[in-house]
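**Student:** sequence plus predicted model, see below.
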Amino acid sequence: MQGTTTHSEKAAQFIANEPRTDWHDDTLWFVRTKRDRAAHTIEAWEGLRATASHIKEHTLSNLHDYLTQFEQNALANGVQVHWAADAAEHNAIVHSIIKKAGIDKIVKSKSMLTEECHLNEYLIQQGIDVVDTDLGERIVQFRHELPSHIVLPAIHLKKQDVSDTFHEHLGTEKDNIDPSYLTHAARLHLRDKFIASDVAITGVNFAIAETGGIVVCTNEGNADMGVHAARVHIACMGMEKMIPKAEHLGVFLRLLARSATGQPITTYSSHFHKPRKGAEMHIVIVDNGRSRQLGRADFRNSLKCIRCGACFNTCPVYRRSGGHSYHNAVAGPIGSILAPNIDMRKNADLPFASTLCGSCSNVCPVKIDIHDQLWKWRQVLMKEGYGGSGKNIMMKGMAFVLSHPRIYRMAGGMGRKVMRWMPWLFNNKSLNPWYKNREMPAPPKQSFREWYQQNKQ
Amino acid sequence: MKVGLFVPCYVDQFYPNVAIATMQLLEKLGCEVVFPLEQTCCGQPMANSGFSHISEGCNKNFVDNFSGVDYVVCPSGSCTLHIKDHLHVEGKEAEAEKIRKQVYELSEFLIDVLKIDHLTASFPFKVGIHSSCHGQRGLHLSSMSERVLPAFSKPETLLNMVKGITLCKPQRVDECCGFGGTFCVFEEAVSAKMGKDRVQEHEDNHVDYITGVDMSCLMHMEGILKRQHSKVKVIHIAEILNAHFN
C-alpha cells in the first residue's frame, strides 16, 4: 500500500468535517430505512432473497453454457457480440466501434463496468467527447471526480456543491440551490447532448440467456433517451450479469429497487432485444478478473452481486467515510471484497475498512456473505504479506504471548502496573491511537484469575 | 452440570467484576463452575487482523483448557462466535469440534440450556440496550433490523426478569458501536465517530447505564463517555442479572 493513501487516512480526512459527516451518514441512513420499509411490505422477502441467490448460484455454476446460449440468441437477433478479456480490450472494442461509425460525440448512461475499466479517461484521450447522462454521474463528471456510490454517484455532494458546479459549467445563477431549477438546467443541457449523439453506451443490469436480450434499469430514462436517439447502441456488461430465463427477471426486479432506494421498482426497466432497422446494437461481454474470482472458492459468490448498493447504505463505516475513501470504482462493503481480486497490493487495506458487524450480508438481496468474505480476504492478504512488517511483528508478538499462559499472566500483571504507575505512557495521543478520542479503561489491582485463586481455591 | 468459564483476556485483565458476576450468577442457578487457570485468549485479535495462520498455539491452549467440561460459557458474544466459527487444532480436531458445539454466550446459555424464566435480581435504573453485532448477527441472540423475521431478543428477555429496571432502546436499534477489535486503532477516526454517535443516542434517552453482552463494545463506549465527562455508565449484562439493589 506504499505510495497510496489508505482507507483509514482518507476516512480521517472525511471525518475531520464532522457536520458534513453527520449529514452524509443521515442521508444514507434515510435510504436504508426506506429499504427496510419496502422490504417489510413483502411477507416473502426472505424467500425472495433465497430464490435470487439460488438462481445466481446456479447461473455461476453454469456460466459457460449460459453465456454461449446468450451469444447465440443475441446473434440471431441481429446483435453484434464482442468478448473482452480485460479492461484494455473492452476499451479498445468500444473505441473501434465508435471509430468505425465515424462519430466523436457519445452519450453514456450509468455503467459501473465502464467506471471499472476507466472508459471515459480512455476515450477522452482518443479525442472522443463522452457525456454521462445520469444526473449524478454528470455532476461528478463536471467536477472531475469519480462516483462515490454505485447507485447514488453524487451522494457526497450537497445542493450548494451542485449549484456551484452548474454555475461554473452550465451558467446557472450563482447560489441558486433550488433542486427544480438545477434539474431543469441539467435537462436542457442533456437534451442537446442526446440529440447530437449518434452513439449511446449503456450498462446492463440483466442479460437473459434464453432470449439474448438485455435489461437496463434507470430512474431517469436516460438510457432510453440515449439509445432511441442514436444510430449505434453499445451495451457493456460484466459476464456475471447473466440470468437463465426471462421469467427469473421478476425475482430480481422486485428485489433490486427495494434494496437500492426503497422504491417498488425502478422508474424504467428497459428491455433491448435487437437493433432498430438501419441501426446497430453491440454487446461487449467483459471478464476483467471475473473468471479468476469465479475460481476462488471462498470469493466466487461475490459475483452474484446485482449492484443495488444496499450494503453501502447500511454500512456504518461507509456512511462515515464516504465512497472516495475506498479508492476503487466500486466502494463500500461489496467493493472491498471485489477490489482485492483485481489488485491485492493496492487494495489490501479495504477488507479492513469494516468492523465485521454483518449488516451488509443481512441486507444483500442475493445473500452474499459479504462480512465473511471480508474476514477471509484479510487472511489471504496477510498471509501473502500485504500487511507490512510492523503489523506482522505486532501480531507475532501477540500470538506468542497468548500461546504461553505464564507469559500472558506476567505481561497482563505488568501491563496493568505500568498503566497505574506511568499513565502518561498510555494517555498519549501520538503514541496511542485509542487515546485520541477515548479514555483508557481503569486498570484494576487484581485480575479475575487472581481473584479466583484467592477466593475460590 | 459442569461449566467451564471462559473469560475473555481483556475481561480477565480489565473487568474482573464482569467475570465474578458471571460466575456467581451461574453458581446461583445451580451450575458447577470451573475456571481453567491456563486459559489466555480465543485468538480473535489475530484472526480478525488476518493472522489466523499464526494463532495455532493459542487455539491449542484453548482446547487443552476446555476439554472435559459439559459446556463452555463466556460473557462475550464476540469471543464465543470466534470459537464457534474458527477453533481448529491439527491433531485435536475431535476435541475442537466438541468445544465448538458446546460453547455458549452467557445469555443464550441461560435461555436455551438452563431455560430460566425468572431471576431474583433487582436493578432500579434506566438502562439503554446496546446490541453487540457478533452476538446478534453472528450468534442470533436477537432478531435483526435488516431481516424480515419475527422479533425476539434473548438478552432483553433476561433483562425483563430484573426487578425495577427500565429498558430503553436507541433509535437505530442495532447499529454497530465501531469497536471492531483492532479496527478501533487501525481505523481510529471511523471507530471513534461511530462510538460517539452510538453514545449520543443513549444520552438523548437519558439513561443511567448502557448494557450489552460484550464488554469490548462497552469498553469502547466507556472510553468515549469518560472523555466527554458523561454521567452515563456502562455495565455488562451479567452484572445486572446478578445485581441486588433494594
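**Tutor:** Okay, I see it. The model shown is predicted, which means the values in this text are computed figures rather than measured ones.
**Student:** and the helices in chain B?
**Tutor:** Using DSSP state H, the helices of chain B run over B:9-14, B:16-28, B:44-48, B:56-66, B:77-86, B:93-102, B:106-108, B:133, B:154-159, B:183-186, B:188-204, B:215-227, B:237-241.
**Student:** shouldn't residue A:204 be in contact with residue A:216?
**Tutor:** Yes - the criterion here is CB atoms under 8 Å, and residue A:204 meets it with residue A:216 at 6.3 Å. No exception for glycine: its C-beta is placed from N, CA and C like everyone else's.
**Student:** shared neighbours of these two, anything?
**Tutor:** residue A:235 (CB atoms under 8 Å, 6 or more residues apart in numbering or on different chains).
**Student:** pLDDT wise, what is the spatially most distant residue from the centre of chain B at?
**Tutor:** Farthest-out residue of chain B from its mean C-alpha position, per CA atoms, centre = their mean: residue B:91, at 29.8 Å. We have a pLDDT of 95 for residue B:91.
**Student:** so how far is residue A:30 from it?
**Tutor:** Remark: distance between residue B:91 and residue A:30 (CB to CB, to the nearest Å) = 53 Å.
**Student:** phi, psi for the residue farthest from the centre of chain B please.
**Tutor:** Per-residue torsions, residue B:91: phi 90, psi -10 (degrees, to the nearest 10).
**Student:** who's in contact with it?
**Tutor:** By CB under 8 Å, 6+ apart, no residues touch residue B:91.
**Student:** go ahead and confirm residue A:93 touches residue A:81.
**Tutor:** No - using CB under 8 Å, residue A:93 is not in contact with residue A:81; the gap is 10.6 Å.
**Student:** residues in contact with residue A:60?
**Tutor:** Contacts here follow CB under 8 Å, 6+ apart; on that basis residue A:60 touches A:240, A:294, A:300-301, A:303-304.
**Student:** list just the nearest of those to residue B:135.
**Tutor:** Distance to residue B:135, by CB to CB, is smallest for residue A:301 among those, at 25.3 Å.
**Student:** next, give phi and psi for that closest one.
**Tutor:** phi -80, psi 0.
**Student:** for residue B:180, same thing?
**Tutor:** Here is the backbone geometry of residue B:180 (degrees, to the nearest 10): phi 70, psi 30.
**Student:** against which helices or strands is the helix or strand containing residue A:74 packed?
**Tutor:** Applying DSSP states H and E as the criterion places residue A:74 in helix A:63-76. Packing partners of helix A:63-76 (3 or more CB pairs under 8 Å, 6 or more residues apart in numbering or on different chains; DSSP states H and E): strand A:80-84, strand A:242-243, strand A:280-286.
**Student:** same thing but 10 Å
**Tutor:** The contact analysis (3 or more CB pairs under 10 Å, 6 or more residues apart in numbering or on different chains; DSSP states H and E) places helix A:63-76 against helix A:45-61, strand A:80-84, strand A:206-208, strand A:213-218, strand A:242-243, strand A:280-286, helix A:290-294.
**Student:** now those in CSV, with distance to residue B:120 and mean pLDDT?
**Tutor:** Below are those laid out as CSV (distance: least, CB to CB, whole Å; pLDDT from 0 to 100):
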stretch, distance to residue B:120, mean pLDDT
helix A:45-61, 39, 98
strand A:80-84, 70, 98
strand A:206-208, 59, 98
strand A:213-218, 58, 98
strand A:242-243, 58, 98
strand A:280-286, 65, 98
helix A:290-294, 56, 98
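**Student:** for residue B:151, find the nearest of these.
**Tutor:** Ranking the helices and strands packed on helix A:63-76 by their distance to residue B:151 (criterion: CB to CB) puts helix A:45-61 first, at 14.1 Å.
**Student:** give me every residue that touches residue 41.
**Tutor:** All of this refers to chain A. Counting by CB atoms under 10 Å, 6 or more residues apart in numbering or on different chains, residue A:41 touches A:258, A:262, A:264, B:148.
**Student:** that was the other one, I meant chain B.
**Tutor:** For residue B:41, the contact set (CB under 10 Å, 6+ apart) comprises A:398-399, A:401-403, A:408, B:7-10, B:12, B:55, B:58, B:61-62, B:79, B:82.
**Student:** buried only: go through these for me.
**Tutor:** The neighbour count (16 or more other CB atoms under 10 Å in any protein chain shown) marks A:398-399, A:401-403, A:408, B:7-10, B:12, B:55, B:58, B:61-62, B:79, B:82 as buried among those.
**Student:** check what contacts the helix holding residue A:74 and list those residues.
**Tutor:** Taking CB under 10 Å, 6+ apart as the rule, helix A:63-76 contacts A:58-60, A:62, A:79-83, A:207-214, A:235, A:237, A:239-245, A:273-274, A:281-283, A:285, A:290-291, A:294, A:303.
**Student:** pLDDT below threshold where in chain B?
**Tutor:** B:246 (pLDDT under 70).
**Student:** helix or strand for residue A:382, which one?
**Tutor:** Counting by DSSP H and E, the element that carries residue A:382 is helix A:370-383.
**Student:** I figured residue A:255 hits residue A:46, correct?
**Tutor:** No - counting by CB atoms under 10 Å, residue A:255 does not reach residue A:46; the two are 11.3 Å apart.
**Student:** shared neighbours of those two, which are they?
**Tutor:** By CB under 10 Å, 6+ apart, the residues touching both residue A:255 and residue A:46 are residue A:39.
**Student:** so which of the two has more stuff around it?
**Tutor:** Neighbours were counted for residue A:255 and for residue A:46 using other CB atoms under 10 Å in any protein chain shown; residue A:255 has more, 24 against 14.
**Student:** now that one: closest residue in space that isn't a chain neighbour?
**Tutor:** Distance criterion CB to CB, 6 or more residues apart in numbering or on different chains; nearest residue to residue A:255, sequence neighbours excluded, is residue A:365 at 3.9 Å.
**Student:** ok, now which ones touch the one you found?
**Tutor:** Shown in contact with residue A:365 (CB under 10 Å, 6+ apart): A:35, A:39, A:45, A:48-49, A:52-53, A:56, A:251-252, A:254-256, A:258-260, A:304-306, A:308, A:310-311.
**Student:** at 7 Å instead, please
**Tutor:** Neighbouring residues of residue A:365 by CB atoms under 7 Å, 6 or more residues apart in numbering or on different chains: A:49, A:52, A:255, A:259, A:306, A:308, A:310.
**Student:** so which of those residues belong to helices?
**Tutor:** Per DSSP H, these map to helices at A:49, A:52, A:255, A:259, A:310.
**Student:** burial count for the closest residue to residue A:374 other than its chain neighbours?
**Tutor:** Excluding the flanking residues, the one nearest residue A:374 by CB to CB, 6+ apart is residue A:351, at 4.6 Å. Residues lying near residue A:351 (other CB under 10 Å) number 26.
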